[in-house]
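Trainee: sequence first, then the predicted structure, then my questions.
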Amino acid sequence: MTAINTQYAGKVRNLKVVRSEFSQANSEVMVKAIGVRGTSENETWRCLVSNSGKVEDLSVVPSAPRSSSSSSVSEAAKSACMTAINTQYAGQVRNLKVVRSEFAQANSEVIINAIGVRGGSTNEKWRCLVSNSGKVQDLSVLGN
């Protein structure tokens, strides 16, 4: 709420938590800013925050209703995961393939096969937790 109030230089009549979703990596908190900048205008914000209280991502949610496609993992999120995995091998991966993805408001899960790592014949499976805007929160090897 403090981070959102700061965006308006303290000119918000009221802030109300609309919804929250817990996650080990970062929890999502949806906050409605009521009477922003001294007007009758309201805005809804999405805040990704660590359980210690550090704001990781803050954005205004569009007021238009979300389409059904918003329940899928974005291409930006998948791409960010592939880039993060490729970086682990200094760019030496023959191919990266998304095996599975599961959308979540807080952080989506993307499972990726890294094929031909370090220029060899080894393959590894990775798990990536990522915000839909493409910020990787957690990256781990699941195995071969």
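Mentor: Yes, it's here.

Trainee: same question for the one helix or strand Val18 maps to: list its buried residues.
Mentor: Per DSSP states H and E: Val18 is located in strand 12-21. By neighbour count on 16 or more other Cβ atoms under 10 Å, the buried set for strand 12-21 is 12, 15. Where you see a C-beta, it was placed from the backbone N, CA and C, and this is true even at glycine.

Trainee: can you show me the strands along the chain?
Mentor: Along the chain, the segments classed as strands by DSSP state E run 12-21, 27-36, 42-49, 55-61, 93-102, 108-117, 123-130, 136-143.

Trainee: packing partners for the first one?
Mentor: With contacts defined as 3 or more Cβ pairs under 8 Å, 6 or more residues apart in numbering; DSSP states H and E, the secondary structure elements packing on strand 12-21 are helix 2-7, strand 27-36.

Trainee: for the fifth one, same thing?
Mentor: Packed against strand 93-102, as judged by 3+ Cβ pairs under 8 Å, 6+ apart, are the following elements: helix 75-88, strand 108-117.

Trainee: most packed of these?
Mentor: Sort the helices and strands packed on strand 93-102 by mean neighbour count, taking mean count of other Cβ atoms under 10 Å, and strand 108-117 sits at the top with a mean of 20.

Trainee: so how far is stretch 28-36 from its chain's centroid?
Mentor: For stretch 28-36, the gap between its own C-alpha mean and the chain's C-alpha mean amounts to 18 Å (Cα atoms, centre = their mean, to the nearest Å).

Trainee: what of stretch 44-60?
Mentor: Its chain's C-alpha centre and that of stretch 44-60 lie 10 Å apart, by Cα atoms, centre = their mean.
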